[in-house]
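**Q** Starting from these lines, generate the structure:
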Amino acid sequence: MSFLLQEDYSKIIEKAISLEADKIGYFFYSEYQRVKESNLDFVDSLRKTIVNLEIRYNDEKEKKIVEQCEKEMRVKGFVETDYRNIIDWEEVSFWYYSGKVFFEFNFYWKENQYLRFTISTLNKLKIGLDKFNEMITDIDVNEQKTIENNNLNKIKWKGTPAQFCYVIDLLINKGYIEQPTPKGERSARILLEHFEIENHNPSIESMGKILHKDIDQIKNIDHRKLFQKIPHRNDLDK
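**A** Numbers count the residues shown, from 1 in each chain. Got it, this is the predicted structure:
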C-alpha cells in the first residue's frame, strides 16, 4: 500500500461526487480500509481536502459576485446591486477539476476530466464526511477495546525507547526490514500496536520525533558502535 498524496485525495473526492449522499460515507470508509495501514492521517487529510474545497468554492463565489456587480455597475451606471440576494447560488454550476473548483469552464479540458459542481455537491460531500466520521468513531471505540484486551500479546522490548528506535532504523538501513511509513509518527503508531516498551510508556509523538530522523537516538558512542556491528543483509550473501 502506497502513501497517498494530495492529488490522490482529490481523486477520491472526484469519485465521491458521482455518488448519492447516503453512499458517500460508505465509499470514504472503503477507501480508509484500503489504505489506512500506510496512511494513518487519512481521516484528517480527507477532512482538510473537503474544507479546502469549500474555501476555494467560497473564494471563487466571492470573485464572481464582484465581477457581476462591477459589470452591472458599468451597464447601469454605478447602481448598487447585491448578487448574493438575486442569484440562486444553489443552482449556479462550477467545474471540479484536479481538486479545485472553477466558475469558467475551459473547453480545452477533455470531457472526462471535469465534473459539474454546485453547492448541493459540496453539501452532500460534507454529509458523507459526517457519516464517515461516525463510522470511524464507532470502530475506533471497538478497536481500542480490542487493543486493551490484547496488550498481553504484544512483543516486549526490554531496552529503552531510544534503543528501540535506533535498532528499528538500523535494521531498515541494513536491509532487514522495510520502513513502515515515510513519517516517524505514523511508523511509531504502527510499532506501538505490536511492541510494549518495558518499564516505559513512550507516546506516539515522542517516538515519532526520533524515528526515521538523521539524529543519534543513542548518545553513548561506544554503545552505537556495538549496535553497528550488525552486518548489512547484502554482505551475508557474499
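**Q** Could you pull out the helices in this structure for me?
**A** Assigned by DSSP state H, the chain shows helices spanning 6-17, 21-35, 42-76, 83-86, 119-149, 161-173, 184-192, 204-208, 221-227.
**Q** how about the ones you listed in JSON lines, adding distance to residue 99 and mean pLDDT?
**A** The C-beta positions use only the backbone N, C-alpha and C, and glycine is treated the same way. Converted to JSON lines, those look like this (distance: least, C-beta to C-beta, whole Å; pLDDT from 0 to 100):
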{"stretch": "helix 6-17", "distance to residue 99": "3", "mean pLDDT": "88"}
{"stretch": "helix 21-35", "distance to residue 99": "15", "mean pLDDT": "90"}
{"stretch": "helix 42-76", "distance to residue 99": "7", "mean pLDDT": "80"}
{"stretch": "helix 83-86", "distance to residue 99": "26", "mean pLDDT": "60"}
{"stretch": "helix 119-149", "distance to residue 99": "13", "mean pLDDT": "76"}
{"stretch": "helix 161-173", "distance to residue 99": "32", "mean pLDDT": "91"}
{"stretch": "helix 184-192", "distance to residue 99": "23", "mean pLDDT": "89"}
{"stretch": "helix 204-208", "distance to residue 99": "28", "mean pLDDT": "88"}
{"stretch": "helix 221-227", "distance to residue 99": "44", "mean pLDDT": "87"}
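**Q** do you know which of those helices lies nearest residue 155?
**A** helix 184-192 (9.7 Å; C-beta to C-beta).
**Q** Going by contacts, tell me the helices and strands next to the closest one.
**A** Other helices and strands packing on helix 184-192, by 3 or more C-beta pairs under 8 Å, 6 or more residues apart in numbering; DSSP states H and E, are helix 161-173, helix 204-208.
**Q** coming back round to it: nearest to residue 214, out of the helices of the chain?
**A** In terms of C-beta to C-beta, the element of the helices of the chain nearest to residue 214 is helix 161-173, at 9.8 Å.
**Q** Give me the most central residue, the chain.
**A** With distances taken as C-alpha atoms, centre = their mean, the residue of the chain nearest its centroid is residue 45 (2.9 Å).
**Q** ok, back up a step: now tabulate the helices of the chain in TSV and tack on distance to residue 102.
**A** Below are the helices of the chain laid out as TSV (distance: least, C-beta to C-beta, whole Å):
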stretch	distance to residue 102
helix 6-17	14
helix 21-35	22
helix 42-76	7
helix 83-86	18
helix 119-149	13
helix 161-173	43
helix 184-192	33
helix 204-208	38
helix 221-227	55
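**Q** For residue 94, find the nearest of the ones you listed.
**A** Closest to residue 94 of those is helix 42-76 (C-beta to C-beta; 6.8 Å).
**Q** still on that earlier bit, any idea which of the helices and strands packed on helix 184-192 is most buried?
**A** With neighbours taken as mean count of other C-beta atoms under 10 Å, the helices and strands packed on helix 184-192 reach their highest mean count in helix 161-173, at a mean of 19.
**Q** For that helix, name the packing helices and strands.
**A** Using 3+ C-beta pairs under 8 Å, 6+ apart: helix 161-173 touches helix 184-192, strand 195-197, helix 204-208, helix 221-227.
**Q** list the buried ones in the shortest one?
**A** Put plainly, it is strand 195-197. Buried positions in strand 195-197, judged by neighbour count with 16 or more other C-beta atoms under 10 Å: 196-197.
**Q** neighbouring strands for that strand, and are they parallel or not?
**A** Sheet pairing of strand 195-197 (DSSP bridges) gives strand 155-157 (parallel).
**Q** Columns distance to residue 129 on top of the helices and strands packed on helix 161-173, output as JSON lines?
**A** Shown next, in JSON lines, are the helices and strands packed on helix 161-173 (distance: least, C-beta to C-beta, whole Å):
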{"stretch": "helix 184-192", "distance to residue 129": "22"}
{"stretch": "strand 195-197", "distance to residue 129": "33"}
{"stretch": "helix 204-208", "distance to residue 129": "24"}
{"stretch": "helix 221-227", "distance to residue 129": "45"}
